[in-house]
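J.: Give the three-dimensional model of this entry:
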Amino acid sequence: MSEPIGMGVVGAGAIGIRGALMHLSQPDVSDRVRLAAVCDPVPGRAKAAAERYGVAAAYETYEELLADPGVDAVTLCSPIGLHYEQGVAAIEAGKHVHFNKTMATKVAECDDLIARAERKGVRLVASPGMMLMPFNRRIRKRILAGDIGQLTWAIAGTSPGNYHLNEEFRKWDDVLTQVDPTWYFRRPGGGPMYDVTVYCLHNLTGILGPARRVAAMSGLVVHQREFRGQTIQCDMDDSTFLLLNFGDSLFATVYGGAFGSVTKGFHPNIYGTKGAVVGTEVNGQPTQLDGDHEPHVVGEHAKLRESHVFEDLMQLVDWVRDGTPSIANAEHARHVINIIESGYRAAATGRAQDLRTSFEPLKPEEC
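T.: Numbering: from 1, shown residues only. Okay, the predicted model is just below:
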């Protein structure tokens, strides 16, 4: 495909602006992708975003965006609970799809999305593509080479705290900063597991490979939150702890909490009989180099926030244009969703759950 891909941005909130519009409006990508349309249900928001970032068309409904013949692909920057139904609609309309995390909330929904895409001949890329990070591939290669010995246990996780209440898109200065955060604390797509621990799980499983079984405990700590003088009634668990079995007596603790963290960022700690991975260091040696970025994160993109979202978007663009598959694939995302969904079920029933999905982790020569 020689012409630029026409991208439709679904949602002009925090991720839509930071992860898609700011990056895709940069001139260095205009030969490969163009901003064909943006939609948002809040009156005036899509129009304001289109004017600011040079988008060809603005709509208030998703259906109008999908009907636009200039849209070849969509990036779903909407609340997680909408991703499945919006993904189905895009696939059936013949559009390629980039899912911001997570692509759905249930493994059965992921199965359906993957099957539909295969039937329609469209491409799916699912964030977060954490194994596109050079240091994650170096860590996996060193583990496979036996640099920390036989693997014994691991821990990964994070907590969002009050982050989503204080983002720059909650200031109420204009229509682009009047973005309601309520959905982060409500079912079905809220809570730290789908929101932030998903990064940790992609890191952990990308480095170690697929898990086999999960046990868990989960509950709700903060029942009410305050935003701009209004009370948000929270109903999604904000304190979840998983115990994963990777086989061969390799276990990992994964947490998504309301507040607090014992690991560095989204990076796991992995311990072996001869050493350890702590954050991005292997046996005390850094694997993250100066200027380390994903393949497309160069120039201005390296200075902008949410560059990992932009990278995943460009993975889809390359796949559509050049036929180059991405390692940020739907199968890896499905496996992580299988872990999260099964973890909630394990917590509710008190019974460990077998995981029924897998994916192909990177081989040494691919790292």
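
J.: can we go C-alpha only for contacts and neighbour counts from here?
T.: Will do.

J.: per-domain residue ranges of this protein.
T.: Listed domain ranges for the chain are 5-129+297-322, 131-295+330-366 (source: automatic domain parsing).

J.: Pipe those domains into JSON lines and attach mean pLDDT and mean neighbour count per row.
T.: Below are the domains of the chain laid out as JSON lines (pLDDT from 0 to 100; neighbours: other CA atoms under 10 Å):
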{"stretch": "domain 5-129+297-322", "mean pLDDT": "98", "mean neighbour count": "21"}
{"stretch": "domain 131-295+330-366", "mean pLDDT": "97", "mean neighbour count": "19"}
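
J.: who does the longest helix that the chain contains touch, helix- and strand-wise?
T.: Secondary structure of the chain read by DSSP state H shows that its longest helix is helix 330-349. For helix 330-349, the packing partners by 3 or more CA pairs under 8 Å, 6 or more residues apart in numbering; DSSP states H and E come out as helix 107-120, strand 124-126, helix 198-208, strand 213-219, strand 353-354.

J.: Looks like residue 244 contacts residue 209 (just checking).
T.: No - if you go by CA atoms under 8 Å, residue 244 and residue 209 don't touch, sitting 11.8 Å apart.

J.: Residue 141 is in what secondary structure piece?
T.: Assigned by DSSP states H and E, residue 141 belongs to helix 134-144.

J.: so what secondary structure elements neighbour that helix?
T.: Using 3+ CA pairs under 8 Å, 6+ apart: helix 134-144 touches helix 198-208.

J.: residues making contact with the helix it packs on?
T.: Residues from elsewhere that reach helix 198-208 (CA atoms under 8 Å, 6 or more residues apart in numbering): 101-102, 128-131, 136-137, 139-140, 156-158, 211, 254, 266-268, 332-333, 336, 361-362.

J.: List the contacts of the helix or strand hosting residue 89.
T.: Per DSSP H and E: residue 89 is located in helix 83-92. Here helix 83-92 makes contact (CA under 8 Å, 6+ apart) with 66, 74, 76, 96-97, 99, 102-105, 109-110, 113, 116-117, 120, 122.

J.: and if you look at stretch 252-264?
T.: Outside stretch 252-264, the residues that touch it by CA under 8 Å, 6+ apart are 153-161, 192-193, 196-197, 200-201, 221-222, 238-246, 269, 279.

J.: How about stretch 151-162?
T.: 192, 196-197, 200-201, 204, 249-263, 265-273.

J.: can you rerun that using 7 Å?
T.: 192, 196-197, 200, 250-261, 263, 265-273 (CA atoms under 7 Å, 6 or more residues apart in numbering).

J.: Out of the residues you listed, list just those in strands.
T.: 251, 252, 253, 254, 255, 256, 269, 270, 271, 272 (DSSP state E).

J.: Now for those: which two are most distant?
T.: Farthest-apart pair in those is 256 and 272; separation 23.8 Å (CA to CA).

J.: tell me which residues form a beta bridge with the nearest residue to residue 122 once chain neighbours are set aside?
T.: Nearest residue to residue 122, sequence neighbours excluded (CA to CA, 6 or more residues apart in numbering): residue 96, at 5.1 Å. Residue 96 has these beta-bridge partners by DSSP bridges: residue 73.

J.: Verify the stated contact: residue 96 with residue 124.
T.: Yes - with contacts counted by CA atoms under 7 Å, residue 96 reaches residue 124, the gap being 6.2 Å.

J.: Quick one, which of the helices and strands packed on helix 330-349 gets closest to residue 288.
T.: helix 198-208 (14.1 Å).

J.: Could you check the angle the closest one makes with strand 251-256?
T.: Going by axes from the mean of the first three to the mean of the last three CA atoms, to 10 degrees, helix 198-208 is angled at 160 degrees with respect to strand 251-256.

J.: All good on my end, thank you.
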